[in-house]
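> Sequence plus predicted model, see below.
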Amino acid sequence: MRRLFATVVYVLPDYDELRRVFGGYVNPYYNGVVFTPIRSCRKVVRFRRKVEFVYVDMFNRSSTEEVLDEMSTIHARPALPEELLCFNREHPSEMLKYPIVAQGAVAIVNDLSFVAFIDSVYGKRNFRLALVESPWEKRCRHLAVPIDGG
């Protein structure tokens, strides 16, 4: 299993800062959105630190529940949006390979649940919100933190 590291600062940037960071698209719903950690991520210690990351690859279309079950099987938790953004900062080329999803916190917009993900189109990285209820494409990588590593 490939392990990557990034220093994480647990602060979510505002919409304008995200637009400066990402050369592509930033979902306009992000402006003013609040991410609420899911149960398995509520007790994550949120001080600046180096965090270990692994990918969970499902290799087929899968539901959020299936992805979270796989993370539990490998003793990992889903990454938080702050972790995804810091991972992006230290490993920008990873986002150019495939979409990377952080399922550790949910944002409610118009009564729908969304999680953060980063992808690229024409070589530009994009910060998006994806519906939790939608199936995940097989090319997605789900960013996870080993439980003893974060």
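Sure thing, it's come through.
> CA atoms for contacts and neighbours, from now on please.
Fine.
> quick one: the helices in the protein?
Taking DSSP state H, the helices of the chain run over residues 15-21, 64-73, 81-90, 92-97.
> Provide the contact partners of the second one at residue level.
So that's helix 64-73. The contact list for helix 64-73 (Cα atoms under 8 Å, 6 or more residues apart in numbering) reads 56, 58, 77, 78, 132, 133, 134, 135, 136, 142, 144.
> just to revisit the earlier point, JSON lines for the helices of the chain, including mean pLDDT and mean neighbour count?
Converted to JSON lines, the helices of the chain look like this (pLDDT from 0 to 100; neighbours: other Cα atoms under 10 Å):
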{"stretch": "helix 15-21", "mean pLDDT": "88", "mean neighbour count": "14"}
{"stretch": "helix 64-73", "mean pLDDT": "95", "mean neighbour count": "16"}
{"stretch": "helix 81-90", "mean pLDDT": "95", "mean neighbour count": "21"}
{"stretch": "helix 92-97", "mean pLDDT": "89", "mean neighbour count": "16"}
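> got the ones you listed as JSON lines, with distance to residue 116 columns?
Shown next, in JSON lines, are those (distance: least, Cα to Cα, whole Å):
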{"stretch": "helix 15-21", "distance to residue 116": "13"}
{"stretch": "helix 64-73", "distance to residue 116": "13"}
{"stretch": "helix 81-90", "distance to residue 116": "6"}
{"stretch": "helix 92-97", "distance to residue 116": "13"}
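> do you know which of these lies nearest residue 110?
When these are compared by Cα to Cα, helix 15-21 sits nearest residue 110, at 18.3 Å.
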